[in-house]
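Enquirer: Just the structure for this:
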Amino acid sequence: LLPGALGDEDSARDDSFSDGLLEYPHYTRPETFRGMKVPDILLSGDHGKIAQWRRDQSLERTRQHRPDLLDDRDSRR
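Expert: Numbers count the residues shown, from 1 in each chain. Below you'll find the model as predicted:
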C-alpha cells in the first residue's frame with residue numbers, strides 16, 4: 001500500500017484477509033436477536049480471550065469453507 005493510503009496503518013494488519021483466513025463472525029446488539037445469542041466471551045470484556053475466540057472462529061470458518069487456504073499457509077512456512 002502507498003504510505004498514507006489508510007488513516008490508521010494498523011488497519012491493513014487487522015484486515016479480514018491479511019492473515020489468509022476467513023473472517024470471524026460479527027455480532028451486535030441486542031444480546032439476543034431472532035433467537036441467536038451473542039457468545040458470552042464477547043460480552044466478557046476480556047480482550048485477550050475475545051482475540052483468541054476470533055482467531056479460533058477464523059480458523060474454523062476457513063477449515064469449513066476454504067480448507068485450501070490453510071494448505072496454502074502451511075506450504076508457505
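Enquirer: Report the buried residues of the top helix by length along the chain.
Expert: Using DSSP state H to define each element, the chain has its longest helix at helix 47-65. Buried residues in helix 47-65, counted by 16 or more other CB atoms under 10 Å: 50, 53, 54, 57, 58, 62. For glycine as for every other residue, the C-beta is placed from the backbone atoms N, C-alpha and C.
Enquirer: Is it correct that the last one is in contact with residue 23?
Expert: Spelled out, that is residue 62. No. Shown here, residue 62 and residue 23 do not form a contact pair, counting by CB atoms under 8 Å, at 9.3 Å.
Enquirer: Following element in sequence after the lowest-mean-pLDDT helix or strand in the chain, please.
Expert: None of the helices or strands of the chain scores lower by mean pLDDT, DSSP states H and E than helix 10-13, at a mean of 64. Helices and strands here follow DSSP states H and E; after helix 10-13, the next one along the chain is strand 32-33.
Enquirer: Tell me the helices and strands packed up against that next one.
Expert: The helices and strands touching strand 32-33, judged by 3 or more CB pairs under 8 Å, 6 or more residues apart in numbering; DSSP states H and E, number zero.
Enquirer: Quick one: name whatever helix or strand follows it.
Expert: strand 36-37.
Enquirer: and whatever helix or strand comes next after that following strand, how far from the chain's centre?
Expert: Where DSSP H and E defines the elements, the next helix or strand beyond strand 36-37 is helix 40-43. Its chain's C-alpha centre and that of helix 40-43 lie 15 Å apart, by CA atoms, centre = their mean, to the nearest Å.
Enquirer: State the number of residues packed around residue 27.
Expert: When neighbours are defined as other CB atoms under 10 Å, residue 27 has 13 of them.
Enquirer: pLDDT score for residue 23?
Expert: Reported pLDDT at residue 23 in the predicted model: 89.
Enquirer: just for this protein, where's the confidence low?
Expert: Counting by pLDDT under 70, the ranges of the chain that qualify are 1, 10-18, 73-77.
Enquirer: go again using 80 as the cut-off
Expert: Counting by pLDDT under 80, the chain contains low-confidence ranges at 1-19, 72-77.
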